[in-house]
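**Q** Attaching a predicted model along with its sequence, questions to come.
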Amino acid sequence: MNVHKFERLKNSFLSFFVYSTVRSATIKSHRVGIAYRLAQIILLVYIIGWELILKKGYQAFDSVSSSVTTKVKGQGFVPINATINSSLNKNDPFYYEKLFEIDEKKDFRLLDTADYIIPPNEYNSIFIMSNFIETTQTQGVCDEEVSKPKAKCYNESDCLSLGINLNSWNGIPTGKCVNSSTTPGVSVCEIRAWCPVEHESERNEDHLIRNVLNYTIFIKNDVEFKKFKKKERNILPFITNQYISKCKYHNINDPYCPVFQVDYILSMAEPDKKQKYQMLIKGGVVVIDIIWECDFDFNKQCLPKFGFRRFDTKETNTASGFNFRFANKFRMYDKEYRTLFKAYGLRFIINVSGIGGKFSIVPLMMTIGAGLGLMSISVIIADCVMLHCTKNKTLYQKIKEGEVKKDLLAATTTSSMLNNEF
Amino acid sequence: MNVHKFERLKNSFLSFFVYSTVRSATIKSHRVGIAYRLAQIILLVYIIGWELILKKGYQAFDSVSSSVTTKVKGQGFVPINATINSSLNKNDPFYYEKLFEIDEKKDFRLLDTADYIIPPNEYNSIFIMSNFIETTQTQGVCDEEVSKPKAKCYNESDCLSLGINLNSWNGIPTGKCVNSSTTPGVSVCEIRAWCPVEHESERNEDHLIRNVLNYTIFIKNDVEFKKFKKKERNILPFITNQYISKCKYHNINDPYCPVFQVDYILSMAEPDKKQKYQMLIKGGVVVIDIIWECDFDFNKQCLPKFGFRRFDTKETNTASGFNFRFANKFRMYDKEYRTLFKAYGLRFIINVSGIGGKFSIVPLMMTIGAGLGLMSISVIIADCVMLHCTKNKTLYQKIKEGEVKKDLLAATTTSSMLNNEF
Amino acid sequence: MNVHKFERLKNSFLSFFVYSTVRSATIKSHRVGIAYRLAQIILLVYIIGWELILKKGYQAFDSVSSSVTTKVKGQGFVPINATINSSLNKNDPFYYEKLFEIDEKKDFRLLDTADYIIPPNEYNSIFIMSNFIETTQTQGVCDEEVSKPKAKCYNESDCLSLGINLNSWNGIPTGKCVNSSTTPGVSVCEIRAWCPVEHESERNEDHLIRNVLNYTIFIKNDVEFKKFKKKERNILPFITNQYISKCKYHNINDPYCPVFQVDYILSMAEPDKKQKYQMLIKGGVVVIDIIWECDFDFNKQCLPKFGFRRFDTKETNTASGFNFRFANKFRMYDKEYRTLFKAYGLRFIINVSGIGGKFSIVPLMMTIGAGLGLMSISVIIADCVMLHCTKNKTLYQKIKEGEVKKDLLAATTTSSMLNNEF
């Protein structure tokens, strides 16, 4: 009995190692054969060429994690007590160059980084002020700006009925109707506010900061691919402090210099000269792309690529430009004052992206698995051609179904004779 | 010989174009057939309906890259020399409305954007101060706040033994024990610090900024799908400056207006009225989601969707709210002073997400490949039903194994007679 | 006729439910069987063990969306009118400890959070100033710093030819050549600038802020998995205000305390003591990783993990450290002054990442589909072994092709006798 039991156990163990192969029948039709091989080749080229080699299907990927610090250098100038030369003509081809001209004979105020970078320290972003409206104010009552909706009045009742909820106004109406201090002959409502209110002239170009285009931005970018424990930085090993102090980025002549001139960035992001100067006057948003594409398999050096694009739209009618207000508070003779700035300028967003790849068995298996699934398309195509697009389709049908047995060799012989179907 | 060689070469070339089809056997059992077709239909519906059509398996996707600029409008009021009406009862159903009431007869201080937005310019985020504690200080010695741990003392030895490493204190003990200036009859350690120290009363509601709920936030969002070179912005073509100055966002009545009232945002993010006002008093974090889901295949217009959710927790016991301290420094009579603000308020985080899709051959092939892999499940199910859940399973087993040949037709006939197994 | 039509319709309907099974042939070669089963087992272990269980192929995933608020506590000290003890020797093993020593007898200035956090409120980031150079300036003319390139001069012509576009200078040359106020006997060009200019001594350690290592950072992190509508926060339910006021994070002793000591973070991010102190002196960038890996299937508690790593490089030669300039403006006797700070310090970037998973039918189907595709590898391997690596390969070829019919049983018997091929 024991021998029998052992025998049975052995048998069932052995039967586990039985392999059941799929039966096939050789079809010697060239039409079918070519369709089959062609489909196979196309699929193989696609899977190996595209998915495996071009898309690096054998690699595991990691996206970059990044830290950016920036440092701006350069001095800006604002003429003191000088208004724009009113003889300047907007149709002059050098209108904007003349607008930003520096007249060295005139008295000017100097602005350095601590003045024009607001806030002084931002993460992944930097704002450079290029134009501003400055108003020194204190809390009190004064006349509202003429341009505000419903600000003009004829008698006190016009101002009394306004309520306090006027978000676009500079303050709350006191109910009085007073003469405008800026537009003679016009009466406006009096308001409680920071006084006097900010007056935005139509040509807000008196405080244009000259020399902004000559500023340089030094960008220090450290990146890390956590999965592969690899660190890279845009200060390449050959770059010395000496080199940094002299070089300027140029996409062809000096593509790895980490110092960028504002003029160069703006010209790349906005090739249109008029639009470029408008960005200085009205403000604008520019994205500096730093792209790291690293392949850690073949000891290649991993180098950053830079790109510049304008992010805000060119439309000048609806909500274009970029500006915000900030204030410096101070006390004089025990009274609180503030200097209100409406700052126009360039917001640079530093957008670091990138992907690093390294050989890994897991994605390789995934690509092979998906590829094998796709390879079955060639069988479907060949079967389809065989059963529908050949003269011998009924014969092939029978061969496939196993109803033809002895005739098999004959059939294939026939097929090879039937080369005319090719 | 040459002829033979050529013949052999030709043969081996032709043999490359030989296709080996898989042999099959038709099983006419309805049970098996239905199982097979049912599985196939379910899989097809899943692959075509879900993966291809609903999940847009024929599209390549790109996530959005975004730039946000914001502009807040509105005036806040803080009464001067006025404390909260102590007769106010917390159980009054309009307690919070009364707390934030504006008494126009009283004297008040006006705060505008340059006062309540801190810092003035942030990327993807904005902070609106809605409550604050203000203390004017200079460096010197003064009494520590009574509430600090171990601040109370009976004699100098209590203060001498403290060391200097007291992170929660306002300064460093000098070693003296002095009378508290705020709580009569209590002695506290004297400290070197910015003096006098900030005193947080239990009801820190004296400087509640009124009218915050009426502020409006204008959000300008430019997005780009780099892969498809498409730019979109939330200022839709029909929106004029005129329209912006008047409209207010409402999810049904005006879903594309880029101007949002703080009250509306808060009400959507926190429907509970008490909690909403607590957010103004103690600070809170609100996320404004802007979702761009763009389909570039059928010339559809791509429109943003907005969502509002509260991000900080409602728990009021542990570390709730949002506040931080900042200081304005000034000099008076050659001495350095600062105005310290403990600012409570609303931090709005603008979270732009989105996906754009466009037809591409690569993902289509991927979806088809994966689908074909999945389709083989129907064969497995049918084989399983055939070999285990039919009466004729041994016959089918034999047919599959090719041991039945002549009997094939008979077998299938039998099977079609055996409809009772159905 | 109608009966016939109905019959035909019925037949074509029934024929739809016909299942065509693939014919197979049992191969009893153990070599083939073992290769087949081995391949199957390896693939199954890979698919089920790795893809399904370890990689959680049955779950849908969502990445975290996060909000971080921070609060720093601690006082910094800067000695007044005290320069570094020049007898300090850089080779002293306790050089850095002595450099940062607090001499309680000396007079000092106290800095609190409102002084050393710049800007006061940042999103996902915090900057703590640990060293600074302070210069009180007003607009005027003065001598340029000696160290600037080409600043030294022998006569006026050296300065006249410089032009105005000197980004690294502190101002614009007036054309005069004057004596340096800092380096006797040297002449430098005179500039228009904020005067006097900032003088960076070689040992910029006079204003080292003491006690920075004892500061604590309280991090409040709210996260949300939008897809699963789950909110988590790092203030775990058991954490009370009492507990927060006393605990300090330690990766083993107290891994859930949300209060982190700067010294602990720095020591984890930069184990080298000298480098750690250099980060305080010259500035540095540290990433605080908060990792949320949540499995919402088995009611597990979701707990955050913390990590600390230095992000800037250790190289001290090229562009190391982290610093920026900011200014406080004030007016004295109607003239505008500013206090310029060159701030060195620690930028902490709080990097929240995480993935939450929950059971979902869609990814389960995807994993099964991909797995089935991969399973076909075992068939390919077994066929390959059968047709190329066995003694009976021609017999098997014939069996597969269906040319052997009666001999099938005999063949398999033969194969089981041919155990020597095993």
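**A** Good, I have the coordinates.
**Q** State the number of residues packed around the closest residue to A:Asp112 other than its chain neighbours.
**A** Once flanking residues are discounted, A:Asp112 sits nearest to A:Gln75: 5.7 Å by Cβ to Cβ, 6 or more residues apart in numbering or on different chains. For the C-beta atoms, the positions are set from N, CA and C on the backbone; glycine is no exception. Using other Cβ atoms under 10 Å in any protein chain shown, A:Gln75 has 27 other residues around it.
**Q** list the contacts for A:Gln75?
**A** If you count contacts by Cβ atoms under 8 Å, 6 or more residues apart in numbering or on different chains, A:Gln75 has them with A:Leu110, A:Leu111, A:Asp112, A:Asn211, C:Asn167, C:Trp169, C:Gly171, C:Ile172, C:Ala193.
**Q** cool, and A:Glu145?
**A** Counting by Cβ under 8 Å, 6+ apart, A:Glu145 has contacts A:Ala151, A:Asn170, A:Thr182, A:Val188, A:Val197, A:Glu198, A:His199, A:Glu200.
**Q** Confidence-wise, which of those comes last?
**A** For the contacts of A:Glu145, the weakest pLDDT value sits at A:Glu200, with 74.
**Q** How about that one: what's its closest non-neighbour residue?
**A** Closest to A:Glu200 by Cβ to Cβ, 6+ apart is A:Ile133, at 6.1 Å.
**Q** longest strand anywhere in chain A?
**A** strand A:335-359 (DSSP state E).
**Q** Neighbouring strands of that strand in the sheet, and parallel or not?
**A** Paired with strand A:335-359 in the same sheet, following DSSP bridges, are strand A:59-63 (antiparallel), strand A:125-143 (antiparallel), strand A:284-295 (parallel), strand A:323-332 (antiparallel).
**Q** Save the ones you listed as a markdown table, and put in mean neighbour count too.
**A** As requested, the strands paired with strand A:335-359 are exported to a markdown table (neighbours: other Cβ atoms under 10 Å in any protein chain shown):
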| stretch | mean neighbour count |
| --- | --- |
| strand A:59-63 | 17 |
| strand A:125-143 | 20 |
| strand A:284-295 | 20 |
| strand A:323-332 | 20 |
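**Q** Would you format those as CSV with distance to C:Ile47 included?
**A** As requested, those are exported to CSV (distance: least, Cβ to Cβ, whole Å):
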stretch, distance to C:Ile47
strand A:59-63, 18
strand A:125-143, 46
strand A:284-295, 29
strand A:323-332, 56
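**Q** wait, which of these is closest to C:Glu401?
**A** C:Glu401 sits nearest to strand A:59-63 of all the strands paired with strand A:335-359, at 41.0 Å, using Cβ to Cβ.
**Q** what about the longest strand of chain A, distance to the chain center?
**A** In this view, strand A:335-359 has its centroid 14 Å away from the chain centroid, taken as Cα atoms, centre = their mean, to the nearest Å.
**Q** for that strand, what is the average pLDDT?
**A** 90.
**Q** what sits against the spatially closest residue to A:Ile34 that is not a sequence neighbour?
**A** Nearest residue to A:Ile34, sequence neighbours excluded (Cβ to Cβ, 6+ apart): B:Phe17, at 5.5 Å. Counting by Cβ under 8 Å, 6+ apart, B:Phe17 touches A:His30, A:Gly33, A:Ile34, A:Tyr36, A:Arg37.
**Q** Next, B:Phe17: phi, psi?
**A** With angles defined as degrees, to the nearest 10, B:Phe17 sits at phi -90, psi 20.
**Q** again, but for A:Phe94
**A** phi -110, psi 20.
**Q** Count the neighbours of it for me.
**A** Using other Cβ under 10 Å, A:Phe94 has 10 other residues around it.
**Q** and if you look at A:Ile281?
**A** A:Ile281: 19 neighbours (other Cβ under 10 Å).
**Q** In the stretch 1-150 of chain A, which residue sits nearest chain B?
**A** Residue nearest to chain B within the stretch 1-150 of chain A: A:Gly33 (3.0 Å; Cβ to the nearest Cβ).
**Q** Leaving out chain neighbours, which residue sits closest to that residue?
**A** B:Phe17 (3.0 Å).
**Q** Over to A:Arg233?
**A** A:Asp222 (4.8 Å).
**Q** got the contact list for the residue nearest to A:Glu200?
**A** A:Glu198, A:His199, A:Glu200, A:Asn204, A:His207, A:Phe341, A:Lys342.
**Q** Now do the next helix or strand after the longest strand of chain A: which elements does it pack against?
**A** Downstream of strand A:335-359, the next assigned helix or strand under DSSP states H and E is helix A:361-388. Judged by 3 or more Cβ pairs under 8 Å, 6 or more residues apart in numbering or on different chains; DSSP states H and E, the packing partners of helix A:361-388 are helix A:30-44, strand A:59-63, helix A:393-401, strand B:19-22, helix B:361-388, helix C:361-388.
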